[in-house]
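Trainee: Have a look at this prediction, sequence included:
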Amino acid sequence: MSRNLTLVEVATVPIGLPHKTERKLAVRGLASSRLIAADVNYGFKSADSNPEFPAWEDAYSIGVHFNDELSDVFLDGRSYSHPTRKGQIHFLYVSGAHIDFTTPRHTQEVLLQRADDLEVPHVTHLGRSLYHMADDPLLRYLALRIYPFFEAPETIDPLFADHYMWSLGIYLCATYGDLDTRRPLTGGLSTWQERLAKEAIETSLVGGIGLAELAALCGLRTS
């Protein structure tokens, strides 16, 4: 990192910001069940803000870029520096990563834990490297489905958050990783499982219920 940068941390990921600048770093957080996300805004807000997050370790950050920008990414002894266009998606393995912001930057970041959480065989990679860029309209659509919830984080339902993370994770691992999605088709819920699931959802409309808890009630794995 250059000595002309000020070091800050977002979810324990070091970020370097230029010393002599009026630009502010404003971060908003969103967390529900397995969903952890951040709205990272540098240079477009009038005040600094940086909420506390759980440590982002052994995970990928899936980021949607809202503007053209240039950042320097340092990871695993390598340096990545190239212009990023509005609408592009990045996959960044955050453990050991360091990012220097050199221009205004606005991204939404979603944390994707290791594929073991998806109850599938281990996925050995995501993209071509630990830092990978993609132009993917479907992935951009999926990522942005949660953006309105940054205005009111308490309104996101845990069951929706779990379904969202499963959809995002399986699509990413099947499209950009080595996840094999071919598997024998099996029957759906039995009558009693369907009835129990519906009753559990109806009685949890206020506080919400997670997908793992719902599966446990029905005697099933989350997947």
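Mentor: Good, I have the coordinates.

Trainee: so where is the chain shaky, pLDDT-wise?
Mentor: Along the chain, segments meeting pLDDT under 70 span 1-3, 114-125, 178-188, 192, 194, 196, 200-209, 217, 222-223.

Trainee: just the helices in it please.
Mentor: Here the chain has its helices, by DSSP state H, at 137-144, 158-176, 191-202, 211-217.

Trainee: out of those helices, nearest to Y60?
Mentor: helix 158-176 (8.0 Å; Cβ to Cβ). Glycine gets a C-beta too; all of them are placed from N, C-alpha and C.

Trainee: Count the residues that sit near H19.
Mentor: By the criterion of other Cβ atoms under 10 Å, H19 has 10 neighbours.

Trainee: Equivalent analysis for I36, please.
Mentor: 22.

Trainee: Nearest spatial neighbour of it, chain-adjacent residues omitted?
Mentor: Spatial nearest neighbour of I36, excluding adjacent residues (Cβ to Cβ, 6 or more residues apart in numbering): L111 at 4.3 Å.

Trainee: partners of the one you found in the sheet?
Mentor: S61 (DSSP bridges).

Trainee: need the contact list for it.
Mentor: By Cβ atoms under 8 Å, 6 or more residues apart in numbering, the contact list for L111 reads 11, 36-37, 56, 59-62, 94.

Trainee: Q193 now?
Mentor: 218-220.

Trainee: Look up how far P14 lies from P137.
Mentor: 32 Å (Cβ to Cβ, to the nearest Å).

Trainee: Among those two, which residue is more densely surrounded?
Mentor: Legend: neighbour count by other Cβ under 10 Å for P137 and P14, higher for P14 (16 against 9).

Trainee: Fine by me, thanks again.
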